[in-house]
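**Student:** What follows is a predicted protein model with its sequence.
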Amino acid sequence: MISFGCERLTFGYANLPSILDDVSLTAQAGELVAITGPSGRGKSTLLYLLGLMLSPRAGAVLVDGDAVSGLRDAQRSALRAQLLGFVFQDAALDQTRTVMDNITEVCLYGDLDRRLAQERAQLLIDQLGVQVPAHRRPGQISGGQAQRIALCRALVHDPAVLLADEPTGNLDDSSAEGVIHAMRRHAETGRAVIVVTHDPRLEQACDRSVPL
Ligand code: ADP
């Protein structure tokens with residue numbers, strides 16, 4: 001059962017002053033944790049650090065108590081593919097590839113069998129009620145659909161840790177409910193889920209909030 005988080009994390013972009021200073025948080029297996037706070041405080045940046053896409057100036061990202069943020073690039077990439085699912089705020093789907101190929105992209109980097117991934121992808125699409133044919137391209141679907149497809153992509157390899165940036169940002173109540181339900185269900189299967197949100201519907205469904 002995983003324990004995931006960060007300890008005494010400090011970070012600033014390039015030569016700029018630090019925007020995160022001494023930040024610690026942990027999500028245990030089974031927990032859905034919200035990171036909250038005003039715009040510009042560094043919530044997305046913290047999620048990129050937790051997602052091993054940025055490196056801290058001080059402190060560490062911890063997996064089961066082991067510091068992983070200082071590993072070499074290749075090891076961090078492998079860990080990301082194996083362990084993490086990440087939902088970007090703007091979905092960040094590959095415009096040149098179909099919805100199905102976007103979701104199953106992780107097969108290129110991890111151990112997941114392609115056929116199994118496609119089955120899981122379709123199940124997630126159905127569970128989240130995204131009514132788009134899987135052969136469409138991201139330019140042919142709505143922003144709200146893209147946001148949910150991005151969640152399918154993050155969940156398809158059943159990651160031990162799910163990180164999501166404003167995953168209900170542009171969704172109506174019914175779609176947001178589906179997304180919240182999927183994240184709760186993921187946590188309840190023994191995964192750790194951390195979301196950045198200012199959406200009260202999502203914050204209420206979280207076990208805890210960590211204000212930045
Ligand atoms: P939040 O998610 O809380 O709105 P962000 O993490 O997006 O905050 O941004 C925190 C601060 O870092 C903001 O002042 C933002 O302008 C700045 N920032 C974000 N990305 C970069 C970047 N790539 N280079 C320099 N500054 C950045």
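**Tutor:** On my side now, so go ahead.

**Student:** For stretch 66-81, buried residues please.
**Tutor:** For stretch 66-81, the neighbour count (16 or more other Cβ atoms under 10 Å) marks 68-69, 71, 76, 79-81 as buried. Backbone N, C-alpha and C define where each C-beta goes, glycine included.

**Student:** got a list of contacts for it?
**Tutor:** 6, 49, 51-53, 55-56, 59-63, 86, 106, 109-110, 157 (Cβ atoms under 8 Å, 6 or more residues apart in numbering).

**Student:** Next step: the residues you listed restricted to helices.
**Tutor:** residue 49 (DSSP state H).

**Student:** quick one: which of the contacts of stretch 66-81 sit in strands?
**Tutor:** 6, 59-63, 86 (DSSP state E).

**Student:** burial count for residue 147?
**Tutor:** By other Cβ atoms under 10 Å, 28 other residues sit near residue 147.

**Student:** which stretch of helix or strand covers it?
**Tutor:** Element membership for residue 147 (DSSP states H and E) is helix 143-155.

**Student:** Give me the mean pLDDT for that helix.
**Tutor:** Averaging pLDDT along helix 143-155 gives 96.

**Student:** Pull out the buried members of the ones in strands among the contacts of stretch 66-81.
**Tutor:** Buried members of these, counted by 16+ other Cβ under 10 Å: 6, 59-63, 86.

**Student:** Closest one of these to residue 22?
**Tutor:** Of all those, residue 59 has the smallest distance to residue 22: 7.3 Å, by Cβ to Cβ.

**Student:** tell me the contacts of that closest one?
**Tutor:** Taking Cβ under 8 Å, 6+ apart, one finds 6-10, 22-24, 69 in contact with residue 59.

**Student:** Quick check: the gap between it and the ligand.
**Tutor:** 16 Å (Cβ to the nearest ligand atom, to the nearest Å).

**Student:** try residue 190
**Tutor:** Distance from residue 190 to the ligand, by Cβ to the nearest ligand atom: 28 Å.

**Student:** And the contacts of residue 59, which is closest to residue 201?
**Tutor:** residue 23 (25.2 Å).

**Student:** Shouldn't the closest one be within a strand?
**Tutor:** Yes. The assignment for residue 23 (DSSP: H, G, I helix; E, B strand; the rest coil) places it in a strand.

**Student:** so who does it touch?
**Tutor:** Residue 23 is in contact with 6, 8-10, 46, 59, 212, counting by Cβ under 8 Å, 6+ apart.

**Student:** again with residue 12
**Tutor:** Shown in contact with residue 12 (Cβ under 8 Å, 6+ apart): 18-20, 57.

**Student:** How about residue 99?
**Tutor:** 93, 125, 132-138, 141, 149.

**Student:** now, which of those residues lie close to the ligand?
**Tutor:** With the criterion set as Cβ under 6 Å from any ligand atom, no member of the contacts of residue 99 is near the ligand.

**Student:** and those residues as CSV, adding distance to residue 167 and neighbour count?
**Tutor:** Conversion of the contacts of residue 99 to CSV gives the following (distance: Cβ to Cβ, whole Å; neighbours: other Cβ atoms under 10 Å):
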residue, distance to residue 167, neighbour count
93, 14, 23
125, 15, 21
132, 17, 16
133, 23, 11
134, 20, 18
135, 24, 10
136, 20, 14
137, 21, 15
138, 16, 21
141, 16, 20
149, 12, 26
